[in-house]
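**Q** please find the sequence and the predicted model below.
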Amino acid sequence: MKSVYLIFAIAVVVLIFLILGKIYHRQNLDLSFQGIIQKVEYSQNKGTPTITVNNVSYFLSGPIDFKYSIEVGDTIFKKKGEGIFKLTKKGSGKSLIFED
């Protein structure tokens, strides 16, 4: 009987993670911005960035690992409805593409 409860609990946890993943993906698709990054903060637990562009803050949640590569002064572009973030590094002009 304990194994049935364990399997049920595992299934519930997996379902919750799948639902949260879909919610975060949907939130990222709704984002639209372009400009110079004025501020960036990374969460301590997963390194998920919150950026400020044009005086508006955006939490970049979801499966994309930005690898702590976003810095103040970089330029970022995100079109609504697309899961692609284009980051242009300050100084070098190197472009990085992150896809959801």
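**A** In hand now; what should we look at?

**Q** ranges for the helices of this protein?
**A** 2-30 (DSSP state H).

**Q** run the chain-centre distance for the longest strand anywhere in the chain.
**A** Longest strand in the chain, counting residues (DSSP state E): strand 33-42. Centre-to-centre, strand 33-42 and its host chain are 13 Å apart (CA atoms, centre = their mean, to the nearest Å).

**Q** list the strands paired with that strand, with their directions.
**A** Sheet pairing of strand 33-42 (DSSP bridges) gives strand 49-53 (antiparallel), strand 75-78 (antiparallel).

**Q** show me what that strand is in contact with.
**A** 48-58, 68, 70-78 (CB atoms under 8 Å, 6 or more residues apart in numbering). Where you see a C-beta, it was placed from the backbone N, CA and C, and this is true even at glycine.

**Q** mean confidence for it?
**A** If you average the pLDDT over strand 33-42, you get 96.

**Q** quick one: buried residues of it?
**A** 33, 37, 40 (16 or more other CB atoms under 10 Å).

**Q** state the distance from the second one to residue 89.
**A** When distance is defined by CB to CB, to the nearest Å, residue 37 is 11 Å away from residue 89.

**Q** list residues touching both of those two?
**A** Counting by CB under 8 Å, 6+ apart, the residues touching both residue 37 and residue 89 are 71, 74.

**Q** re earlier: a markdown table for the buried residues of strand 33-42, including distance to residue 62?
**A** Output for the buried residues of strand 33-42, formatted as a markdown table (distance: CB to CB, whole Å):
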| residue | distance to residue 62 |
| --- | --- |
| 33 | 15 |
| 37 | 18 |
| 40 | 17 |
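
**Q** which single one of those residues is nearest to residue 4?
**A** Of all the buried residues of strand 33-42, residue 4 sits closest to residue 40, with 46.4 Å by CB to CB.
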